[in-house]
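Visitor: Below: sequence and its predicted model.
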Amino acid sequence: MNSFQFTKMHGLGNNYIYVNLFEEQLQESQLSEIARNVSNVYTGIGSDGLILICPSDKAPVKMRIFNNDGSEGKNCGNGLRCVAKYAYEHKLVTETEFQIETLSGLVQAKVHTENGTVKLVTVDMGEPRLLKAEIPMQGEAQSKTVNEKMEFAGKVYEGTAISMGNPHIIFYVDDIEKAPVTTLGPIVEKDERFPEGVNVEFVQVVADNEIHFRVWERGSGVTQACGTGACAAVVSSVLNQHTTAGKETTVHLAGGDLLINWDSNGKVLMTGPAEVICTGTYYLP
Ligand SMILES: N[C@H](CCC[C@H](N)C(=O)O)C(=O)O
């Protein structure tokens, strides 16, 4: 296979190259290299990574996500909204509500359409995982990490660790514009306390149901938005008594806003846009 069709899509600027494996075939052994190559803005298409829309025996579709360094992630909130849009508009599903399989389990998506086009998608991201063993991170396996003091590069920070099927650590700042995203982010991302690495988020609380958010993503660096990270940030903010559970919180990301609710059933609901940028043919080098 020396070329394949792709669709470039984004959720609030978090953009990926989507490949429909109902129609294309890619070599499993080449996926990491393909992710690195298509993500390269100079010699590839340019993106935060690669997302595969795959057949599944558990749901109508399965999503696999690869970061721009070629590493495979286990979940992707912005990606799930784009996969849901693609699946509905390409008739891989016939209903407006359906499940999507991910490497961290099944999620439930609901597409909101205007004249047959999907504009907004709500995803029930399931329950957050709070124990150190579930993040995963070093320390007492059955304990939680809420506002825990931890030292990085000689300075002490207070972090809250949440998994949405992928690992996140959240730090609170007084001014989001001054958050040490590109200085502290890469240090924490690969710290040994996180054996699988970690997505690093910075949050400024505005009000009971409003936060500002920036992210340094595991395997991709700075992105315009991170859906799983925004979910983790809302869960963290409830655990730290900055926001209230059961209410929709507006998360202001660099690329736009997400509405997130850690609801009374313990599920995290995320609502936001999904957009197609372009389609084309990619020729492997
Ligand atoms: N941007 C994605 C998260 C990618 C996570 C990936 N960086 C990892 O966990 O390795 C999102 O919208 O949730």
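Guide: Cool, the structure landed.
Visitor: And the residue nearest to residue 247 when sequence neighbours are not counted, how far from residue 191?
Guide: Leaving aside its sequence neighbours, residue 247 sits nearest to residue 209 (CB to CB, 6 or more residues apart in numbering; 5.1 Å). Yep, even glycine has a C-beta here, placed from its N, CA and C like the rest. Residue 209 sits 31 Å away from residue 191, taking CB to CB, to the nearest Å as the criterion.
Visitor: what does the model give the spatially most central residue of the chain for pLDDT?
Guide: Centroid-nearest residue in the chain, with CA atoms, centre = their mean: residue 76, separated by 3.2 Å. Looking at residue 76, its pLDDT is 98.
Visitor: where does this protein come near the ligand, residue by residue?
Guide: The chain has residues 14, 67, 73, 76-79, 166, 199, 217-220, 223, 226-229 near the ligand, with proximity defined as CB under 6 Å from any ligand atom.
Visitor: Emit the PyMOL select command for whichever of those residues are buried.
Guide: Filtering those down to the buried ones (16 or more other CB atoms under 10 Å) takes a single PyMOL command:
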select buried, resi 14+67+73+76+77+78+79+166+199+217+218+219+220+223+226+227+228+229
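Visitor: For the stretch 1-150 of the chain, which residues score under the pLDDT cut-off?
Guide: Under the criterion pLDDT under 70, the flagged ranges of the stretch 1-150 of the chain are 1.
Visitor: now the helices for it?
Guide: Using DSSP state H, counting those that start in this stretch, the helices of the stretch 1-150 of the chain run over 31-39, 77-89.
Visitor: Mind splitting this protein into its structural domains?
Guide: In the domain annotation for the chain, the residue ranges read 3-126+273-283, 132-266 (automatic domain parsing).
Visitor: and the first one, how far out from the chain's middle?
Guide: Relative to its chain's centre, domain 3-126+273-283 lies at 12 Å (CA atoms, centre = their mean, to the nearest Å).
Visitor: quick one on the thing from earlier: was I right to think the residue nearest to residue 247 contacts residue 252?
Guide: No. With contacts counted by CB atoms under 8 Å, residue 209 stays clear of residue 252, the gap being 11.8 Å.
Visitor: Please verify my assumption that residue 77 contacts residue 226.
Guide: Yes. In this structure residue 77 lies within contact range of residue 226 using CB under 8 Å: 7.0 Å.
Visitor: residue ranges for the helices of the stretch 151-285 of the chain, please.
Guide: With DSSP H, counting those that start in this stretch applied, the stretch 151-285 of the chain shows helices at 181-189, 227-239, listed in chain order.
Visitor: Determine which stretch of those is the most buried.
Guide: helix 227-239 (a mean of 28; mean count of other CB atoms under 10 Å).
Visitor: got the helices of the stretch 1-150 of the chain as JSON lines, with distance to residue 45 columns?
Guide: Below are those laid out as JSON lines (distance: least, CB to CB, whole Å):
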{"stretch": "helix 31-39", "distance to residue 45": "5"}
{"stretch": "helix 77-89", "distance to residue 45": "15"}
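Visitor: so of the ones you listed, which one's packed in deepest?
Guide: With neighbours taken as mean count of other CB under 10 Å, the helices of the stretch 1-150 of the chain reach their highest mean count in helix 77-89, at a mean of 27.
Visitor: For stretch 78-85, C-alpha coordinates in PDB please.
Guide: As requested, the backbone C-alpha atoms of stretch 78-85 are provided in PDB (Å, rounded to 0.1, in the frame of the first residue of the first chain):
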ATOM      1  CA  ASN A  78     -11.800  15.500  20.500                       C
ATOM      2  CA  GLY A  79     -11.100  12.500  18.400                       C
ATOM      3  CA  LEU A  80     -14.300  10.700  19.600                       C
ATOM      4  CA  ARG A  81     -16.400  13.700  18.500                       C
ATOM      5  CA  CYS A  82     -14.800  13.700  15.100                       C
ATOM      6  CA  VAL A  83     -15.100   9.900  14.800                       C
ATOM      7  CA  ALA A  84     -18.800  10.100  15.700                       C
ATOM      8  CA  LYS A  85     -19.400  12.800  13.000                       C
END
